[in-house]
Structure formats: structure tokens, C-alpha cells
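Asker: sharing a model prediction with you, sequence too.
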Amino acid sequence: MKNNVLNEMDVAELEIKLTDNLEALQNLHFQKALQQLEHPLQIRYLRREIAQIKTVLGEYARGIRKQKERQQ
């Protein structure tokens, strides 16, 4: 996932994306254990994306990043 996409997401969207990615990572680990995983690099890419999301969430928690106010 590109950094600009992460920058545009708010905290709630990031948390949803994080839980989805964690579930997908667990599913990929099961597929690997059963030797049904077609693309083993998917695990690496998903772990990196999870780390990027956790970094952005941590920056919000520490106050390094500020949430943008949405205009309606």
C-alpha cells in the first residue's frame, strides 16, 4: 500500500484495515502450513503493510500526526 493512501485514512479506517490484514496474515500462515500457498511473498508484503499501519497509528497516538477534519 502506498504511503499517500495511508496518509488519507483516518484512525477508524486504519484500525479496520489492520484487523483485516491480521486475519489475512493468519489465513496465509494456515495456507503455508498446508502447503497450499501459491505466492509465498504475500506474507512478506502483508507483514510490511501491517507494520506501516501500526506505525501510522502509533504516530496518531503520540500526537505526531493530527487527524484532518472532514468537510461535509
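Answerer: Here it is on my side, so go on.

Asker: roughly how far does the residue nearest to the spatial centre of the chain sit from Arg44?
Answerer: Relative to the mean C-alpha position of the chain, the nearest C-alpha, by CA atoms, centre = their mean, is the one of Ile50, at 3.7 Å. Ile50 sits 11 Å away from Arg44, taking CB to CB, to the nearest Å as the criterion. (C-beta placed from N, C-alpha, C; glycine too.)

Asker: any weak-confidence spans in this protein?
Answerer: Low-confidence segments of the chain, defined by pLDDT under 70: 69-72.

Asker: 90 instead, please
Answerer: 1-8, 63-72 (pLDDT under 90).

Asker: state the distance from Ile64 to Ala33.
Answerer: With the distance defined as CB to CB, Ile64 ends up 38 Å from Ala33.

Asker: now Thr19
Answerer: Taking CB to CB as the measure, Thr19 falls 22 Å from Ala33.

Asker: just to confirm, which helix or strand has the nearest residue in space to Gln42 that is not next to it in sequence in it?
Answerer: Once its chain neighbours are removed from consideration, Gln42 has its nearest residue in Leu28; the separation is 5.8 Å (CB to CB, 6 or more residues apart in numbering). Counting by DSSP states H and E, the secondary-structure element that holds Leu28 is helix 11-33.
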